[in-house]
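Colleague: test case, fold it:
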Amino acid sequence: MNQVSDKIRAFFEEFERANNAFDPDLLASLVGDPLVGADPNGVVQAISKKDYLAGTAKSQQYLQSLGFQFVKVVPVEEISLSEHYMMVKTKGTMRLEKIKGQPIDLVHDATYILFIKDSKPQIVFALSHEDPMKMAQEQHGVVY
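Modeller: As a prediction, this is how the structure comes out:
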């Protein structure tokens, strides 16, 4: 397994902070325009940076209705694809606590393609390997 560089580790720490804060200003420098995503069902979607950032408030409202506490994103492998592109595999945990004292940790894998220019990475593609609601049911027997 490849090591993860300090630069990539720091990038994902910043990405994690921005996601936990639901702060579009913090996220803006971390994502490309457009941002492309794919889910485990084969659905691929391209979204403009503007629309992605505008959706953070809606995401916050939805996730908080599920008892969102935090998300943790840990890069576990980076693979250079070219001079400007890097693939990064991550392990993530999202903690939900809809019922006080009964936290649920949804453990998931994701893969990101970063475009790196002037030593500044941006996410241009995100691949989610699991469906969060299906994970809640399979890992914890909880249906949202």
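Colleague: run through who's touching the longest helix along the chain.
Modeller: Longest helix in the chain by number of residues (criterion: DSSP state H): helix 6-21. Contacts with helix 6-21, where a contact means Cβ atoms under 8 Å, 6 or more residues apart in numbering, come from 26-27, 30, 70-75, 78, 86, 88, 90, 114, 119, 121, 123. Every C-beta, even on glycine, is put in place using the N, C-alpha and C of the backbone.
Colleague: next SSE after that helix?
Modeller: Remark: after helix 6-21, the chain's next helix or strand is helix 24-28, criterion DSSP states H and E.
Colleague: narrow the contacts of helix 6-21 to those in helices?
Modeller: Leu26, Leu27.
Colleague: out of the contacts of helix 6-21, which end up buried?
Modeller: For those, a neighbour count by 16 or more other Cβ atoms under 10 Å gives the buried set as 26-27, 30, 71-73, 75, 78, 86, 88, 90, 114, 121, 123.
Colleague: could you export those as CSV, including pLDDT and distance to Lys7?
Modeller: Shown next, in CSV, are these (pLDDT from 0 to 100; distance: Cβ to Cβ, whole Å):
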residue, pLDDT, distance to Lys7
Leu26, 97, 18
Leu27, 97, 18
Leu30, 98, 13
Val71, 97, 21
Lys72, 98, 19
Val73, 97, 15
Pro75, 98, 10
Glu78, 98, 9
Met86, 98, 9
Val88, 99, 11
Thr90, 98, 15
Leu114, 99, 10
Pro121, 98, 7
Ile123, 99, 14
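Colleague: appreciated, that's everything.
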